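[1] One predicted model, sequence on top.
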Amino acid sequence: MSENNLKKCVPIEIPDDNPFQNDVLNRKDNIEALTTFITSFEQSIVLCIDGGWGQGKTTFIRMWEKYLHQQSIPTIYFNAWESDYTDDALIALIGEIGLSIDKMPKENEEKSKGYLSKLMDKLGYLATHDSKKEWLTIFSAFGSFCTGGKIKVDKIFEFTNNLGACLAKEQIERYEKSKQVLTEFKDLLSKLTECYSTNNIKKPLVIFIDELDRCRPNFAIEVLEKAKHLFNVDNIIFVLATDKSQLAHSIRAVYGQGLDVNGYLRRFIDFDYLLPTLDKNNFFINLLQKFSLDQILQNLKFYNLNTLYNSEYTYLDFSYDLINLYQLTLREQEAICNILNIALRTRNPFDKSELTMLLFLIILKIKVPDIYKTFSKDSMSIFKNLALENVQSHFTLVDTNRLSKFPLLESLLLIASSSTSLSLDTPIVQNYINKYNLDEVKKTALEKCFEELGYIRYKELLELKKTIEFSVNFKFQ
């Protein structure tokens, strides 16, 4: 690729014949173990794949879905967020099952369509009902009791006297009918799931439900209820991919902040599986390769820091340090690479100081936007103090030895708030050393960084922000 060409990031390709071909996060072992787990049940279960925003849940279940196809295990993928415009979750779920029938063995297709047609007939009793129809009937009746602007009181009294009994009788009859229909619905559903099997080998139907945490609260709750109560049929496995902490907010929005959400969810979810946090550096280098940026970053070296790290220290190493420092999610890494790619391709080459500051500002914009917003010529000192405090807040006892040698960022933030080049004797540096009680190792590291990075002007810093703001207008899916 030529130096000035742009390259966009595309979703991870998951080939049908090799689902793990591009599995840079090593999810294969997790998926194989989960497959063994779910296929050991003959009853219906609900499994929750719990992971935070941007941790790769959708990619995980898409890989799993392709892997199950290789094992001849039927699957259905249901994106709840794309379906929550509907009034009833049950209709959306049945609709998704209907769309999957064309993919099943031909010998079972006609039979399954017959079962599906009968299932659709039952929806009238099981789907959510619009109570406004009942009230329209009542209001119409009241209208018939009014003649010439005068109300027939005796007729209204007679009507209301019988209304309660009539409605109660109707509700009882409807309840009894619904119980009967529910039994018939589950029987038809059981027969339909058998149609997905091949060679008379009974295998579970796995229904993946994605993006539940992004749905309207009422719709998310309804999906859980329908999955547990109406689809509680042997050999149906539900796999929910969701962030349970976000789902908890949706549930509390409906039932109140005092609700015991974990207790509530135990009614619907049989097992939780916390999506493992894996080596994000592998994912990041894979992104850089997609953008053809890996060699650019690898070739940029910080020579004065080699003795600190006892090895060659490159801009790629610095990028890894920042990812680990800020615990960036996979989706956040994608967003950062998108912006970095545009920035590097659309303006003149950056020197070391600019490029180091550029990456940090992009991360702040994505991760700590409140601090990023203070970055301006008139508030450079405020920005510097907030940013340095934020960097320090990420240091822990566990990683102190590694990050005590993380001077590039700190030195650059000190340089950014100064109008001249810096040394250890400069008052702004002395104040920083005293404030955080830096040891001799850290002071030596800062000094080497001042020599490596030199001086950066306000104008150059503000140009960086303009470049970032231009770059974020591009959205790659």
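    That came in fine, so what should we check first?
[2] Below-threshold pLDDT in the stretch 301-450 of the chain: ranges please.
    The stretch 301-450 of the chain contains residues with pLDDT under 70 at 348, 396-405.
[3] Return the per-residue confidence for Tyr77.
    Note for Tyr77: predicted pLDDT of 91.
[4] In terms of secondary structure, what does the one helix or strand it maps to contact?
    Here Tyr77, judged by DSSP states H and E, is contained in strand 75-79. Here strand 75-79 touches helix 57-70, helix 89-100, strand 205-210, going by 3 or more Cβ pairs under 8 Å, 6 or more residues apart in numbering; DSSP states H and E. For every residue, glycine as well, the C-beta is placed using N, CA and C.
[5] Now tell me what touches the first one from outside.
    Translated: helix 57-70. Residues outside helix 57-70 that contact it (Cβ atoms under 8 Å, 6 or more residues apart in numbering): 11-12, 14-17, 19-20, 23, 27, 30-32, 34-35, 49, 51, 74-75, 77, 206, 208, 210-211, 239, 241-243, 275.
[6] Now, of those, which are buried?
    Buried by 16 or more other Cβ atoms under 10 Å: 12, 14, 19-20, 23, 27, 30-31, 34-35, 49, 51, 74-75, 77, 206, 208, 210-211, 239, 241-243, 275, out of the contacts of helix 57-70.
[7] From Asp260, how far out is His229?
    Per Cβ to Cβ, to the nearest Å, His229 is found 20 Å from Asp260.
[8] and Val24, how many neighbours?
    19 (other Cβ atoms under 10 Å).
[9] Excluding chain neighbours, what is closest to it?
    Asn286 (4.4 Å; Cβ to Cβ, 6 or more residues apart in numbering).
[10] now do Ala445
    Pro407 (3.8 Å).
[11] Would you mind naming the helix or strand containing the closest residue in space to Thr444 that isn't next to it in sequence?
    Sequence neighbours aside, Leu308 is the residue nearest to Thr444 in space, at 7.9 Å (criterion: Cβ to Cβ, 6+ apart). Assigned by DSSP H and E, Leu308 belongs to helix 306-309.
[12] so how far is Asp270 from Thr75?
    Counting by Cβ to Cβ, the gap from Thr75 to Asp270 is 18 Å.
[13] swap that for Gln333, sorry
    Counting by Cβ to Cβ, the gap from Gln333 to Asp270 is 33 Å.
[14] and the two? which has more neighbours close in?
    Gln333 (22 against 15).
[15] returning to what we had before: His229 and Asp260 - which one has more neighbours?
    His229 (13 against 9).
[16] before we move on, the earlier item: please look at the residue nearest to Thr444 and Ala445 and confirm they touch.
    Yes: with contact defined as Cβ atoms under 8 Å, Leu308 reaches Ala445; the gap is 5.4 Å.
[17] and Asn235, how far is that from Val254?
    Taken as Cβ to Cβ, the span from Asn235 to Val254 is 31 Å.
[18] Let me fix that, I meant to ask about Ile12.
    35 Å.
[19] again, but for Asn324
    Per Cβ to Cβ, Asn324 is found 38 Å from Val254.
[20] More neighbours: which of the two?
    A count of neighbours by other Cβ under 10 Å puts Asn324 above the other of Asn324 and Val254, at 16 against 12.
[21] secondary structure element for that one?
    With DSSP H and E as criterion, Asn324 is part of helix 315-326.
[22] Show me what secondary structure element comes after that helix.
    Downstream of helix 315-326 (by DSSP H and E), the next one is helix 330-346.
[23] Which positions in that following helix come out as buried?
    330, 332-345.
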